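Enquirer: Predicted coordinates and the sequence they were generated for:
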Amino acid sequence: MLSAIVTAGGIPQPGEPLYPLTQGKPKALLEIAGKPMIQWILDALDNAQEIDRVVLVGLKKENGFTSQKLSACIDNQEDMLANIRAGVIKVRELNPQMHHVVIVSSDIPALSGEMVDWLVRTTMKSDEDVYYTVIAREVMEKKYPESKRSYTRLKDIEVCGGDINVIRTMTATSNDKMWKKIIDSRKNVFKQAALVGYDTLLLLLLRMITLEQAVKIVAPRLDVTGRAILSPYAEMGMDIDKPHQFAIVEADLRARQTMGDTGEIPA
């Protein structure tokens, strides 16, 4: 079993797409399909057999959510890296033997316990520093055809990133400079190029390397071991950044409530 860290520190600002819905309140507290977004995440983790406890970063217990596994709430730090590190430090305080943790964004409310269990069981078949979840374009567009995600084109596949990943605890609390570069480069192609190398970026742009080859090139340059985890669940990458994405996910959750469906792919 692993522990989970939920990052919930984001507050949309005036001018940002979700501000008309949140009006200065934390994004994680935005109500969707009858309950706050964060409650959907906590319910999924409570239902996951492979999660033993939850550490929440960015919200306080007074915000009104509930969770059987919630072990600690930590104040929002100065940035995403600091939030993750603070969460990992708390997990290690609670269980010094915890070797890996699941990092979950609070804005993927369609997540379910079965999906979390699949990820933990899949990743723990090996022993890497970082497991990065990706979703194939056809999987995302079959489930959410109007989602308008951004995709990375590789030789063998087009993928978008997931918002639930697994990292080694010691990796998350070391090499701050490297982690800050990774986080700062997430939405800047020039910073990404400097980070992974212009030769690798060129191969990506020309679609001359596969997903596996890309991981083998990039991971050593970041001084980590890693695997890309190709998820069959679009829900893992369906984060809510814009009003149309909110509407899509809310409709999905409403349908799930009506049909009593968990959204799972049959075994």
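Expert: Nice, I can see it.

Enquirer: C-alpha only now, for contacts and for neighbours.
Expert: OK.

Enquirer: Flag the shaky bits of the stretch 101-250 of the chain, pLDDT-wise.
Expert: Low-confidence segments of the stretch 101-250 of the chain (pLDDT under 70): 175-209.

Enquirer: Helices of that one, start to end?
Expert: Secondary structure of the stretch 101-250 of the chain (DSSP state H, counting those that start in this stretch): helices at 113-123, 137-143, 169-172, 176-184, 189-196, 198-205, 211-221, 243-259.

Enquirer: Against Ser174, how distant is Asp223?
Expert: According to Cα to Cα, to the nearest Å, Asp223 and Ser174 sit 11 Å apart.

Enquirer: ugh, wrong one, I meant Thr225
Expert: Thr225 sits 14 Å away from Ser174, going by Cα to Cα.

Enquirer: Then Trp118?
Expert: The spacing between Trp118 and Ser174, counted by Cα to Cα, is 28 Å.

Enquirer: which residue sits closest to Asp52 in space, ignoring its chain neighbours?
Expert: In this structure, Asp52 finds its nearest non-sequential neighbour in Ser3, 5.5 Å apart by Cα to Cα, 6 or more residues apart in numbering.

Enquirer: would you say the one you found is within a strand?
Expert: Yes - assessed with DSSP: H, G, I helix; E, B strand; the rest coil, Ser3 lies in a strand.

Enquirer: Beta-bridge partners for it, please?
Expert: Val101 (DSSP bridges).

Enquirer: count of neighbours near it?
Expert: Number of residues near Ser3 (other Cα atoms under 10 Å) recorded here: 24.

Enquirer: Please apply the same query to the one 4 residues further on.
Expert: Taking other Cα under 10 Å as the neighbour definition, Thr7 ends up with a count of 24.

Enquirer: For beta bridges, what are the partners of it?
Expert: For Thr7, the beta-bridge partners under DSSP bridges are Val57, Ser105.

Enquirer: For it, give me its contacts.
Expert: By Cα atoms under 8 Å, 6 or more residues apart in numbering, the residues touching Thr7 are Leu56, Val57, Gly58, Met80, Asn83, Ile84, Ile103, Val104, Ser105, Ser106.

Enquirer: Could you do Leu29 as well?
Expert: Contacts of Leu29 (Cα under 8 Å, 6+ apart): Pro36, Met37, Ile38.

Enquirer: I'd assumed Leu30 was in contact with the first one.
Expert: Yes - shown here, Pro36 and Leu30 form a contact pair, counting by Cα atoms under 8 Å, at 5.3 Å.

Enquirer: center of the chain - which residue?
Expert: In the chain, the residue lying closest to the centroid (Cα atoms, centre = their mean) is Asp163, at 1.8 Å.

Enquirer: pLDDT score for the spatially closest residue to Val120 that is not a sequence neighbour?
Expert: Closest residue to Val120 apart from its sequence neighbours, by Cα to Cα, 6+ apart: Glu50 at 6.7 Å. You'll see Glu50 listed with a pLDDT of 98.

Enquirer: try the one 4 residues further on
Expert: With respect to pLDDT, Val54 has a value of 98.

Enquirer: Name the SS class of it, please.
Expert: Here Val54 takes the strand state, with states given by three-state DSSP.

Enquirer: Ala251 and Asp46: what is the separation?
Expert: Counting by Cα to Cα - Ala251 and Asp46 are separated by 23 Å.

Enquirer: Those two: which is more packed in?
Expert: More crowded of Ala251 and Asp46, by other Cα under 10 Å: Asp46, with 21 against 14.
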